[in-house]
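> take this sequence and fold it.
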Amino acid sequence: MSQIKTVLWALVTVFFMNFLWGWKAEAQSRGGFSQRATQRESSRWTLQEWLEQRDRSRMMDLWLSMNSPSPFEFMLGLSYLSTTTKVDTPAFEKSFNHAGAEVRAYAQFVGLTAEYENNAEENYHDFTGMLNLRLFGNSLQNSSLTLHGGQRSRGLVVNGTAATLRNVFVQGSLQLYFSKYFGLDGFYRHYSPDKNADLGVTVDGNLSEVGLFIDFQAVRVFGAWYQDVQKNKNDTTGAESATSRTGVKSGLRIYY
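Okay, here's the model as predicted:
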């Protein structure tokens, strides 16, 4: 009986060894058991990995918040204007000098602008406010195309009569960089008519400007040619006259 058990045990051992060798050969022909196990291990999701990934994401968000550009932009500008004023009726021509200032504030592509000019020699001053919508470009110091709408209030004294002209306007402006530090900008503004009872006239006109600039990091030096045309129509007689102010505008702008 013991001999029979020994023979049976030997047969089972041989059969089991043949099965293991055959199974190993088949596994190797299909890429290997260890290789498949390694692949499953590499794709295994664990709680520890999720916690590490969460911490990395938090650090990345913090880095982006510290290094991403702010959505808010500001600009302060000061300018000096040398103007030649021509009036067609009655004929008049003379040169004047005056100063101006402007402030711009943007939140991404929407901004506000305030401008002020004081021409004491001609007895008038302008205050302009406008809303800006930047269609192309991502900052004040980049190539851009912008639409504007606003109002200019011009306080003046004519023949001893003080009055204020309020002209609503639309404007389009373009800024184009030729290099990282040098470029061209300009705009065209059209004023809608304003009927002034104090002066008895209806006033409209336009303002155009084109110039060059150089950027030194956050500081810009610029120079521009401009023309401000004001058209007057007498509400009683219908007589028309025009005043053209043409000159050179130069100054500094600081961005932050």
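> so where's the stretch 151-256 of the chain shaky on pLDDT?
Scanning the stretch 151-256 of the chain for pLDDT under 70 picks out no residues.
> what residues sit buried inside the host helix or strand of Arg189?
Counting by DSSP states H and E, the element that carries Arg189 is strand 182-196. Taking 16 or more other C-beta atoms under 10 Å as the basis for neighbour counts, the residues of strand 182-196 that come out buried are Gly183, Asp185, Gly186, Phe187, Arg189, Tyr191, Asp194, Asn196. C-beta coordinates here come from the backbone N, C-alpha and C atoms, glycine included.
> greatest separation within the residues you listed: which pair is it?
Gly183 and Asn196 (38.7 Å; C-beta to C-beta).
> how about the strands in the stretch 101-250 of the chain?
In the stretch 101-250 of the chain, the strands defined using DSSP state E, counting those that start in this stretch lie at 110-119, 124-136, 144-158, 161-177, 182-196, 201-216, 219-234, 240-255.
> could the ones you listed go into CSV alongside distance to Ser82?
Putting the strands of the stretch 101-250 of the chain into CSV (distance: least, C-beta to C-beta, whole Å) gives the following:
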stretch, distance to Ser82
strand 110-119, 11
strand 124-136, 16
strand 144-158, 20
strand 161-177, 22
strand 182-196, 18
strand 201-216, 13
strand 219-234, 10
strand 240-255, 5
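> of the ones you listed, which is nearest Lys86?
Closest approach to Lys86 among these (C-beta to C-beta): strand 240-255, 4.8 Å.
> neighbouring strands for the closest one, and are they parallel or not?
Strand 240-255 sits in its sheet next to strand 72-87 (antiparallel), strand 219-234 (antiparallel), going by DSSP bridges.
> next, the angle from that strand to strand 201-216.
Relative orientation of strand 240-255 and strand 201-216, computed by axes from the mean of the first three to the mean of the last three C-alpha atoms, to 10 degrees: 30 degrees.
> what about strand 240-255, distance to the chain center?
24 Å (C-alpha atoms, centre = their mean, to the nearest Å).
> re earlier: adding mean neighbour count, write the strands paired with strand 240-255 out as CSV.
Formatted as CSV, the entries for the strands paired with strand 240-255 read as follows, by neighbours: other C-beta atoms under 10 Å:
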stretch, mean neighbour count
strand 72-87, 16
strand 219-234, 17
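> can you redo the ones you listed as JSON lines with distance to Asp204?
What follows is these, written out as JSON lines (distance: least, C-beta to C-beta, whole Å):
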{"stretch": "strand 72-87", "distance to Asp204": "16"}
{"stretch": "strand 219-234", "distance to Asp204": "5"}
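> ok, which of those strands comes nearest Ser153?
For the strands paired with strand 240-255, proximity to Ser153 was assessed by C-beta to C-beta; strand 219-234 is nearest, at 13.8 Å.
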